[in-house]
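Student: Predicted model and sequence below, questions to follow.
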Amino acid sequence: MNYMKSIATIGINTYREVIRDRILYGIVVFALLLIGLSIVLGGLSFAEQAKISADFGFAGIQIGASILSIFVGSTLVAKEIDKQTILTLLARPITRTQFVLGKFVGLLLTILTVMVGLAAVLAGLLLFLGLSITPNFAIALYGVVLEALVLVACTLMFGVISRPIMTVLFASSVFLIGHWVSSLEGLMKMKSIASDPTFLVGRQLAKFVPNLERFNWRSAPIYNLEVPGTDLITATVYAFGWMIIFLALTSFIFRRRDFV
């Protein structure tokens, strides 16, 4: 009980800290502008306005969650180290693993809060445009949450071994490669390039990067596509598997760092 209470305390304090951060509001404004842009672009094709707005809206939510995961996550541990507040925190009956998990929970709560707000705006817009809100709407958002789980854990891992700028670079690379893995796997099936050294390197690299396209269900509510329950279950297990791996590595590395 005390173990979880310590994690919850750190998580709540992290949540309050991030909510007051100016970068959070900049990201929210950016996502809202992207949703607003969808109305302008959708107006160019009245017949497809609702679908275009939905596509841009979900993209805005995903990009907002990803930016929060990477840019805010890159500074969570670095701030504590630079200000030396990490020494005060670890002097209390709190383990380094609890500290890492608390930071993870706090940032994840912030992302969920932002997503709920943006989703409410998008839902209102789609209803106004005549597009019904189906369970697929929640499924698309759930995919963004799963992606955020992986990205936050990944960013925290890089955050305990490098400076914020390098952490952003590494985590952004994982994000980009993670969305290219599926395309890369498709190219690998082409015999004409299967033996190319570049693609051989890419094949090995893809084994160590999570396939983030497995969580991409944004088109489901737009085109009323069915998402099989097995896909939801396997994607959830896949996301939590990577999350556990990244958090375990983060805890392992962080326990061996010297801050004095």
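Tutor: Received the coordinates, thanks. Numbers count the residues shown, from 1 in each chain.
Student: Show me which positions of stretch 116-123 end up buried.
Tutor: Counting neighbours by 16 or more other CB atoms under 10 Å, one finds that the buried residues in stretch 116-123 are 118, 119, 121, 122, 123. The way it works is simple: take the backbone N, C-alpha and C, and place the C-beta from them, glycine included.
Student: how near is the fourth one to residue 55?
Tutor: The reference is to residue 122. Counting by CB to CB, to the nearest Å, the gap from residue 122 to residue 55 is 11 Å.
Student: what are the ranges of the helices in the stretch 1-150 of the chain?
Tutor: In order along the chain, the stretch 1-150 of the chain carries the following helices (DSSP state H, counting those that start in this stretch): 2-19, 22-42, 49-67, 73-82, 85-90, 96-128, 135-159.
Student: Low-confidence ranges, the chain, go.
Tutor: Confidence mapping of the chain against pLDDT under 70 gives the ranges 1, 38-39, 41-47, 182-206, 259-260.
Student: run the last query once more with 50
Tutor: By pLDDT under 50, the weakly predicted segments of the chain are 191.
Student: Work out which residue lies at the spatial centre of it.
Tutor: residue 148 (2.2 Å; CA atoms, centre = their mean).
Student: Contacts only, for it.
Tutor: When contacts are counted by CB atoms under 8 Å, 6 or more residues apart in numbering, residue 148 is found next to 65, 66, 68, 69, 108, 111.
Student: circling back: with distance to residue 88 added, can I get the buried residues of stretch 116-123 in TSV?
Tutor: As requested, these are exported to TSV (distance: CB to CB, whole Å):
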residue	distance to residue 88
118	35
119	37
121	39
122	41
123	43
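Student: And the residues you listed, which is closest to residue 234?
Tutor: When the buried residues of stretch 116-123 are ranked by distance to residue 234 (CB to CB), residue 119 comes first, at 24.0 Å.
Student: now the nearest residue to that closest one once chain neighbours are set aside: how far from residue 61?
Tutor: The spatially closest residue to residue 119, leaving aside those adjacent along the chain, is residue 141, at 5.7 Å (CB to CB, 6 or more residues apart in numbering). Here residue 141 is placed at a distance of 7 Å from residue 61 (CB to CB).
Student: Quickly list what's touching both of those two.
Tutor: Residues touching both residue 141 and residue 61 (CB under 8 Å, 6+ apart) are 115, 119.
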